[in-house]
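Asks: what would the 3D arrangement of this be:
(chains A, B and C)
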Amino acid sequence: MPEGHTLHRLAHAIDEQFAGQIVAASSPQGRFADSASLVDNTVLEGAETWGKHLFIGFEGLRHVHVHLGLIGSFQVQAGPPPLPVGQVRLRLEARTPPAYADLRGATTCELVSDEGRRAIVDRLGPDPLREDADPGGAWARIGRSRAPIGALLMDQEVLGGVGNVYRAELLFRHRMHPLRPGNTLRLAQFLAMWTDLVDLMRYGVLTGRIDTVRPEHTPEAMGREPRRDDHGGEVYVYRRHGQPCLVCGAKVRTDTLVARNLFWCPRCQPRFRSRARSR
DNA sequence: CTCACATGTTAAG
DNA sequence: TTAACCTGTGAGC
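Replies: Numbering: from 1, shown residues only, chains lettered A, B, ... in the order given. Coordinates of the predicted model:
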């Protein structure tokens, strides 16, 4: 489920259901029992997201730091809480009006101080979904790195919140080969990608899906079957390997980069050629 | 039913 | 570079 847009949606949902209220915190599964008891029945002041990190702030400058990892989920619901089903690592409950939130499968769920939160945030690159994000910080890394742009986009110290789907789709939309070295990009190219990423991710926050295809490539426009995939959105290349590119018809390719599946169109995203070739 | 795999990250070798 | 962690889903038997 989780790239940055998912975490921002969660922060909004938590604010909506719990902010300003005294909240019961428990750990039905037990692994978070000690920390849960420390914030139990205190005021939840607000939730905030930075990249893929969620911080739920309680009175006294204490934050529950959550990272969903690959398979975590945080279900936030209005209404009376049911009996916990499965391994609920953290449950929050509000009474007025009733609401609950169940955290499962997260890789991180810990109580941190204000300083602890700052230390985590300081290690993250700019988050395209935050108003205060400064793309210059990301460009400082990308513009002088020989690492592949496909790896840099996923590096949370470079950009906070980009995951495998946004990586693949952003590179496709900008006709950029994933292995192109970061330091061969021009600033204008990077800024165009950043602007696009902000748009795509904001749309993801609104809809809860990752949709990246332009109007002319939607299933309706092309008369093709809508794609039903886990992430639920319409995309150009992500997990479409072996299928025809929606733009040029070439077979979408796949490979592994930094231990993650990579997808790209070999025709729309040609290998980068250095300037030495021409002239 | 069992198995592989997944929008992620860390730590060990 | 690999394994480990944790849960849900879908494919295949």
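Asks: burial measure for residue A:145, as a count.
Replies: By the measure other C-beta atoms under 10 Å, the count of residues near residue A:145 is 17. C-beta coordinates here come from the backbone N, C-alpha and C atoms, glycine included.
Asks: number of nearby residues for the residue lying closest to it once chain neighbours are set aside?
Replies: Taking C-beta to C-beta, 6 or more residues apart in numbering as the measure, residue A:145 lies nearest to residue A:182, with 4.1 Å between them; neighbours along the chain are not counted. When neighbours are defined as other C-beta under 10 Å, residue A:182 has 23 of them.
Asks: confidence score at residue A:182?
Replies: According to the per-residue confidence, residue A:182 scores 97 in pLDDT.
Asks: need the contact list for it.
Replies: Under the criterion of C-beta atoms under 8 Å, 6 or more residues apart in numbering, the neighbours of residue A:182 are A:141-149, A:152.
Asks: go again using 6 Å as the cut-off
Replies: A:142, A:145, A:147, A:149, A:152 (C-beta atoms under 6 Å, 6 or more residues apart in numbering).
Asks: quick check: residues of chain A near DNA strand B?
Replies: By C-beta under 7 Å from any atom of the strand, the residues of chain A that approach DNA strand B are A:1-3, A:6, A:51-52, A:67, A:69-71, A:107, A:154, A:156, A:163-165, A:210, A:229-232, A:239, A:259-261.
Asks: mind listing which of those are in helices?
Replies: A:6, A:164-165 (DSSP state H).
Asks: which of those lies closest to residue A:111?
Replies: residue A:6 (22.1 Å; C-beta to C-beta).
Asks: which intervals of the stretch 101-250 of chain A have sub-threshold pLDDT?
Replies: By pLDDT under 70, the weakly predicted segments of the stretch 101-250 of chain A are A:228-231.
Asks: whichever residue of it sits closest to DNA strand B - how many residues pack around it?
Replies: Distance from DNA strand B to each residue of the stretch 101-250 of chain A (C-beta to the nearest atom of the strand) is smallest for residue A:163, at 2.1 Å. Counted by other C-beta under 10 Å, the residues lying close to residue A:163 total 21.
Asks: how about residues contacting the longest helix along chain A?
Replies: Using DSSP H, we find that the single longest helix of chain A is helix A:187-207. Residues from elsewhere that reach helix A:187-207 (C-beta under 6 Å, 6+ apart): A:5, A:8-9, A:128-129, A:135, A:139, A:170, A:174, A:210, A:212.
Asks: can I get those in a markdown table including neighbour count and secondary structure?
Replies: Converted to a markdown table, those look like this (neighbours: other C-beta atoms under 10 Å; DSSP: H, G, I helix; E, B strand; the rest coil):
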| residue | neighbour count | secondary structure |
| --- | --- | --- |
| A:5 | 27 | helix |
| A:8 | 25 | helix |
| A:9 | 20 | helix |
| A:128 | 26 | coil |
| A:129 | 23 | coil |
| A:135 | 20 | helix |
| A:139 | 18 | helix |
| A:170 | 22 | helix |
| A:174 | 17 | coil |
| A:210 | 24 | coil |
| A:212 | 23 | coil |
